[in-house]
Structure formats: structure tokens, C-alpha cells
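**Student:** Based on what follows, work out the 3D shape:
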Amino acid sequence: MSNHGTIIIGAGQAGYQAAAQLRVKGYDAPITLIGDEPHIPYQQPPLSKAYLKGELTGDRLPFRPENFYDDKDIVLRLNEPVSSIDPAGKTITTSKGSVAYDHLIIATGGAPRRMPVPDRLKDRTFTLKTRDDADALGQALENAKSIAIVGAGFIGLEVAATAAQAGKTVTVFEMQDRILARVASPAISAALQERHLTAGVDLRLNEGVDFDALEADVVLLGIGGVPVDALAQSAGLTCDGGIVVDAFMRTSDPHIFAAGDCAKSPTPFWSSPVRLESVQNAIDQANLIAEQIANTTTAAQPYHAVPWFWSDQYEVKYQLAGLIPEATMMVQAGQGTDGLAIYHFRDQALVACETLGNGAEHMSARRLLDQGNAPVSPADLQEHGTLKGVFKSRR
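**Tutor:** Just a heads-up that it's a prediction; the model follows:
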């Protein structure tokens, strides 16, 4: 029996988590973690906020110090792009040669969506995904007076808030009629729009950007992301807007798993497989993979973690528990950016909860959704105002 161990392609959140958890769960075979960046595995969420502001220094970005990998006998191979996967031979090829595996985890993440810009803007147009991206954007912003942001999603709005707080002139172009139109309810969008307007951000809604007429010192493209699945596709693995996996994170090859932003997986919180770009999703999926590879004594359960997301803009924290399908009934509690909650029901069952500055209600929603068939109705919330109020009435 071979003992090549496990190779993990991608040293982001999912890749790091899988490597660390394999050791936590007692896996003693070789582990090789391969990344195409020169940096030891690090957090990405601060890149658009605290790190870009200079409030978080680079030495605080890594998940663990470099000696952690030596201590845990994890081979860390950085700045080493993987060029191919051979499922039949159970090998991968990198810029430094071929490596054999018993199990392979693909955690290649996502990449920012791009669009063509005129030559005159190319040197001042940026995307934001990696630490090097954040370094380049931050350096450009130091001497800039203005920034134009294309797209009013999480990344675009977080950078807008950071730049506005730094005294820059900020213009955001969004094709939809409100910010966060693809992910948040109208009341959430309205409250956050007001906060950005108060900070002096020029929100150009229902408006595409005219690059030929655009005058800005810095341009940021924040128009969403795409899965990094080219390796999987060339290896013959099933892909469909991401690497298709089953409820145990296995790809169409039983020896290959995928996790994080590159994976498209089933979830009990959506009617069809979905690709979720969130830190917690990457952690939960990596944990499930590690549990299976480590052959722990209890059988692994299908993936069932509650999806949840957050975004920090100014002093406001937006949080979403669950996923919001179309045509839900909404119940609103509170107003503005401090304490607002939007509860989403389908067939009288709670399926999602959005909050602004209301962490306690967010946590209550997550606990309820994790239980399944959450015993809270729209009438309960309309009577008692919050999940906390509902629970208190039942004591």
C-alpha cells in the first residue's frame, strides 16, 4: 500500500484548514500544501479593510507562523504553481516536477472577474484578491486623490468605505438600482446606501462606467469572482461553474476532493448545488474532508453547515445567516444601521436572517437554522419583534 499521503493545491483558507485539521484528527501520513503565492497562508478578509488601512500589519495576516508547518510536519511549498493533475497516475505536476498522492484536495479558490479597460487606465486599474493585490492598491491610493470603483458588491463597498475614511474622493458605479442587489434585501441596501452617502461616496446606480470618459487616479474592478477550476477541467473532473462535488466534498474522482470558493456543492439550505464564497464555508468544507481522509472512528456526515457571511463597512457590520431564495416573506425589525434585522421565511419556515449591527440576533438565527425546521413563524416575530423576544416568551 502506498504512503504518498495527501497533497493540497491552494494555500488559502480551505487549504490551510484542511492541512491543520488532518493533523488535529490524527492523520500521520505526509501532507504537502502547495501555493502559487510567495506568502505563507494568510487571512484574506482584512485585505479590503484593516490591512488596506494600515491598521493591521503584514506580520499579523498569516494564520500561523512559519514554524507551525515544520512543527506539524506539513511540507509547505510556496510560489510553486501547479500545471496539471493526472488522476489516473495519481500525480500532480508543478514548476518543480511531479509529486504522487493518495488523496488530493483542490482548494484553488476564486479569482476576480475582469473586464477590458483602455490602455491609458491599465496602470491604475486594480482588482483585489491577494495580499500582493492589496499592497499594490494601497500603494496607489497613498498618492491618489480619487478612486472609481466598478461594482457595488462586498469588495467594492468595503474599499469604498476604506478610501472614504482616508479622505479620498470615491465614486461607485453599479448597473443595478441598489447596492448589494444580488445578495441583500432592499432595506439592508437602503441603510448601507445612506451610510455611504453620509461619508461622501458618490453612488452612481443604474449606471455602467464609461471608461473612455472616466477620470480617476485609481480604478478598482469589484464585479464579482469566478472559480479557479482550470486544473480540474483539464484533468477531466466534472465542472459546472465550479468543481462539482457531492455532499462529502468528493469530486467525480473518488480520490480527489475540492473545497472553498472553487467548489460547487449541495447544501440543505438551497435547492441545487451552489458555489459559496465565504470564509466559514471554506473552513467547514475543509473540516469535512479532513475528517474523511483521517479515517476517524465516526462516519462523516454529509455537508450541512449553515452558510453565513459578513461585511464590515465603516463601523457597520452586515451579517447574513442562511441563503435567501426568491419570493420569500420578509419580516423587518428595527431601522438603520444599528440593530436592523430582516427575517426571510418560505412556507412559514425561517430560511435566512440579515442583520446590521445586531450580532446577537445573527447568532440566534444561526443556531435556529442549524437545528433545522426552525420553530419560529412570521407571526411569532411580528408579535415579539426579535428571535430573542420569541425565546423569552416561551420560557
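
**Student:** ok, and what's touching stretch 150-160?
**Tutor:** 48-49, 52, 112, 115, 128, 137, 147, 149, 170, 172-174, 176, 179-183, 192, 196, 201, 203, 205, 209, 219-224, 311-313 (C-beta atoms under 8 Å, 6 or more residues apart in numbering). All C-beta spots, glycine's among them, are computed from the backbone N, C-alpha and C.

**Student:** ditto for stretch 290-305
**Tutor:** So stretch 290-305 is contacted by 6, 17-18, 21-22, 24-27, 103, 247-249, 257, 265-268, 280-281, 284-285, 288 (C-beta under 8 Å, 6+ apart).

**Student:** what separates that stretch from the chain centre, distance-wise?
**Tutor:** 23 Å (C-alpha atoms, centre = their mean, to the nearest Å).

**Student:** now do stretch 163-172
**Tutor:** On C-alpha atoms, centre = their mean, the centre of stretch 163-172 falls 24 Å from that of its chain.

**Student:** Could you give me the buried positions within it?
**Tutor:** By neighbour count on 16 or more other C-beta atoms under 10 Å, the buried set for stretch 163-172 is 163, 164, 166, 168, 169, 170, 171, 172.

**Student:** Same question for stretch 27-39.
**Tutor:** Buried residues in stretch 27-39 (16+ other C-beta under 10 Å): 27, 30, 31, 32, 33, 34, 35, 36, 37.

**Student:** for stretch 190-199, same thing?
**Tutor:** Neighbour-count burial for stretch 190-199 [16+ other C-beta under 10 Å]: 191, 192, 193, 195, 196.

**Student:** from the buried residues of stretch 163-172, which ones fall inside strands?
**Tutor:** Residues of those located in strands (DSSP state E): 169, 170, 171, 172.

**Student:** Just to check, the third one is in contact with residue 163?
**Tutor:** Same thing as residue 171. No: the criterion here is C-beta atoms under 8 Å, and residue 171 misses it with residue 163 at 10.1 Å.

**Student:** joint contacts of these two?
**Tutor:** In contact with both residue 171 and residue 163: residue 147, using C-beta under 8 Å, 6+ apart.

**Student:** how about the helices in this protein?
**Tutor:** Using DSSP state H, the helices of the chain run over 13-24, 50-53, 67-71, 119-122, 131-142, 154-165, 186-198, 230-234, 279-293, 359-371, 378-384, 387-393.

**Student:** Need the contact partners of the last one.
**Tutor:** The contact list for helix 387-393 (C-beta under 8 Å, 6+ apart) reads 343, 353, 360, 361, 364, 365, 368, 376, 380, 381, 383, 384.

**Student:** Name the residues of it that come out as buried.
**Tutor:** Neighbour-count burial for helix 387-393 [16+ other C-beta under 10 Å]: 387, 390.

**Student:** Kindly report the same for the first one.
**Tutor:** Judged by neighbour count using 16+ other C-beta under 10 Å, the buried positions of helix 13-24 are 13, 14, 15, 16, 17, 18, 19, 20, 21, 22, 23.

**Student:** any chance of those residues in a markdown table, plus distance to residue 143?
**Tutor:** Formatted as a markdown table, those follow (distance: C-beta to C-beta, whole Å):
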| residue | distance to residue 143 |
| --- | --- |
| 13 | 32 |
| 14 | 36 |
| 15 | 35 |
| 16 | 34 |
| 17 | 37 |
| 18 | 40 |
| 19 | 39 |
| 20 | 39 |
| 21 | 43 |
| 22 | 45 |
| 23 | 45 |
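
**Student:** so residue 262 touches residue 245, yeah?
**Tutor:** No: using C-beta under 8 Å, residue 262 is not in contact with residue 245, being 9.7 Å away.

**Student:** Which one's more surrounded, the two?
**Tutor:** Counting neighbours by other C-beta atoms under 10 Å for residue 262 and for residue 245 shows that residue 262 has the greater number, 30 against 26.

**Student:** Report the separation between the more buried one and residue 22.
**Tutor:** 19 Å (C-beta to C-beta, to the nearest Å).

**Student:** And for residue 77?
**Tutor:** Residue 77 is 16 Å from residue 22, by C-beta to C-beta.

**Student:** now residue 288
**Tutor:** For residue 288, the distance to residue 22 equals 12 Å [C-beta to C-beta].

**Student:** go on, residue 160?
**Tutor:** 39 Å.

**Student:** which two in the contacts of helix 387-393 are spaced the farthest apart?
**Tutor:** Greatest spacing in the contacts of helix 387-393, by C-beta to C-beta: 360 and 383 (19.2 Å).

**Student:** between the buried residues of stretch 163-172, which is nearest residue 324?
**Tutor:** residue 172 (22.5 Å).

**Student:** In contact with the closest one, which residues?
**Tutor:** 148-149, 151-152, 156-157, 160, 179, 196, 201-204.

**Student:** Now, of those residues, which are buried?
**Tutor:** Buried subset of these (neighbour count, 16+ other C-beta under 10 Å): 148, 149, 151, 152, 156, 157, 160, 179, 196, 201, 203, 204.

**Student:** Most widely separated two among those residues?
**Tutor:** 148 and 179 (15.3 Å).

**Student:** which ones are touching residue 132?
**Tutor:** By C-beta under 8 Å, 6+ apart, the neighbours of residue 132 are residue 37.

**Student:** What pLDDT does the model give it?
**Tutor:** Residue 132 is assigned 98 on the pLDDT scale.

**Student:** With residue 298 instead?
**Tutor:** For residue 298, the pLDDT comes out at 67.

**Student:** Repeat that for residue 30.
**Tutor:** Value for residue 30, per-residue pLDDT: 98.

**Student:** Thought residue 6 was touching it, still the case?
**Tutor:** Yes: counting by C-beta under 8 Å, residue 6 is a contact partner of residue 30 at 7.3 Å.

**Student:** What is the neighbour count of residue 339?
**Tutor:** Each residue near residue 339 was counted by other C-beta under 10 Å, and the total is 15.

**Student:** Ok, residue 206 next?
**Tutor:** For residue 206, using other C-beta under 10 Å, the count is 10.

**Student:** so how far is residue 207 from the nearest residue to it once chain neighbours are set aside?
**Tutor:** Of all residues not flanking residue 206 in the chain, residue 177 sits nearest, at 5.3 Å (C-beta to C-beta, 6 or more residues apart in numbering). As judged by C-beta to C-beta, residue 177 and residue 207 stand 10 Å apart.
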